[in-house]
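Student: I would like to see how this sequence folds:
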Amino acid sequence: TPGRILVDRADEVFRSLEAAERELREHEEMRSGLLRLGWFATAGTTLVPWAIAAFRQIAPTVRLDLFEGDPDQCVPRLHARELELGLVYRFTHEPPLDAGLEQIELFDDQLHIGLPPGHRLAGRDRVALADLAGDAWIQGVREGSTLGVLPRACRLEGFEPIIALRTDDRMAVEGLVAAGVGIALFPLLTLPAVRQDIVIRPLDARELFRRVTIALPPGTYRSPATLTMIDVLQRTCARLRTKAARRLASS
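Tutor: Predicted coordinates for the structure are as follows:
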């Protein structure tokens, strides 16, 4: 009937108007919006800088507010909606992160061993953690929730690690390893940036593995800038894995 036709056409017009309004709103948000991103320290070596550079190409006018912190610092900020998204991780022995947060898996970050040139195990394709019982360690964390990760893994192999130094300074870690002062753990996501005079090898060890995810606040709404950054981070991880494999092959 004519009335039914008019109603159907009106519905189509309203849906088109709503879609247009949504597109305009999203365009405005991408033009002048704010994205608050949390991330843990070692993600700042490659993943976050590369992702931000790619994001800037897509959304050059979105303002970024960055926060560096471990998961136990980012999670409360996500719940308080002080972050739109946070990069977090969980080691295999740790309890799951807060179930109230949506999580998107990014990649599995296997920890590798960094050895000084001339180390007795540098010629091996892989290194077992148990074979490092007598070595001094440069632990790349000085305090916080991950301080016990290395000692726990070593105890599972039957020894207590000799800690020469604990420091949050990644440059100091690399300098001391290269100088032969000790050995250190290097996450996969840092490998493309590790100096060439350090020998990097895959490490056979229980629990020296973590899963990296994007955590999002409770709720269903995600701003266009948030969705764009999620896509950028996922694509950047593919680049990161390729670069890490090349660094391993060059050692």
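Student: CA atoms for contacts and neighbours, from now on please.
Tutor: Fine.
Student: Break down the protein into its helices, ranges please.
Tutor: Taking DSSP state H as the criterion, the chain carries its helices at 2-32, 47-58, 71-79, 149-156, 170-178, 224-250.
Student: Name the residues of the last one that come out as buried.
Tutor: Residues of helix 224-250 classed as buried: 224-226, 229-230, 232-234, 236-237, 240-241, 243-244, 247-248 (neighbour count, 16 or more other CA atoms under 10 Å).
Student: Check the helices of the chain for me: which has the lowest mean pLDDT.
Tutor: Of all the helices of the chain, mean pLDDT reaches its minimum on helix 2-32 (a mean of 54).
Student: and R120, how many neighbours does it have?
Tutor: R120 has 9 neighbours, counted by other CA atoms under 10 Å.
Student: how near is it to I183?
Tutor: 12 Å (CA to CA, to the nearest Å).
Student: what touches both of those two?
Tutor: Overlap between the contact sets of R120 and I183, as judged by CA atoms under 8 Å, 6 or more residues apart in numbering, is nil.
Student: Render the CA-only coordinates of stretch 50-64 in CSV, please.
Tutor: Extracted in CSV, the C-alpha atoms of stretch 50-64 (Å, rounded to 0.1, in the frame of the first residue of the first chain):
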residue,chain,number,x,y,z
TRP,A,50,56.5,1.7,15.7
ALA,A,51,52.7,1.6,16.4
ILE,A,52,52.6,5.3,17.2
ALA,A,53,54.5,6.2,14.1
ALA,A,54,52.0,4.2,12.0
PHE,A,55,49.0,5.6,13.9
ARG,A,56,50.2,9.2,13.2
GLN,A,57,50.1,8.4,9.5
ILE,A,58,46.4,7.6,9.8
ALA,A,59,45.3,10.0,12.5
PRO,A,60,47.8,12.9,12.7
THR,A,61,45.6,15.2,14.7
VAL,A,62,44.5,12.7,17.5
ARG,A,63,46.3,13.7,20.7
LEU,A,64,48.1,10.8,22.5
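Student: So what's the gap between it and the chain middle?
Tutor: Relative to its parent chain, stretch 50-64 has a centroid offset of 17 Å by CA atoms, centre = their mean, to the nearest Å.
Student: Which residue is the nearest non-sequential neighbour of T228?
Tutor: Nearest residue to T228, sequence neighbours excluded (CA to CA, 6 or more residues apart in numbering): F55, at 7.5 Å.
Student: That neighbour: neighbour count?
Tutor: What F55 shows, counting by other CA under 10 Å, is a neighbour count of 19.
Student: surely L64 meets A53?
Tutor: No. With contacts defined as CA atoms under 8 Å, L64 does not count as touching A53, sitting 11.5 Å away.
Student: Of the two, give the one with the bigger neighbour count.
Tutor: L64 (15 against 12).
Student: Excluding chain neighbours, what is closest to that one?
Tutor: That would be L35: by CA to CA, 6+ apart, it lies 5.0 Å from L64.
Student: do P218 as well
Tutor: Nearest to P218 is L101, by CA to CA, 6+ apart, at 5.3 Å.
Student: Contact partners for that neighbour?
Tutor: Per CA under 8 Å, 6+ apart, neighbours of L101: H79, A215, L216, P217, P218.
Student: and if we set it to 7 Å?
Tutor: Contact partners of L101, counting by CA atoms under 7 Å, 6 or more residues apart in numbering, are A215, L216, P217, P218.
Student: Starting from T42, give me the distance back to the second one.
Tutor: To tie it back to what came earlier, the one meant is L216. 20 Å.
Student: who's more crowded, these two?
Tutor: Using other CA under 10 Å as the criterion, L216 and T42 rank with L216 on top: 23 against 19.
Student: Now do the same for that one: its pLDDT.
Tutor: 96.
Student: For it, list the residues it contacts.
Tutor: L78, E84, L85, G86, L101, E102, Q103.
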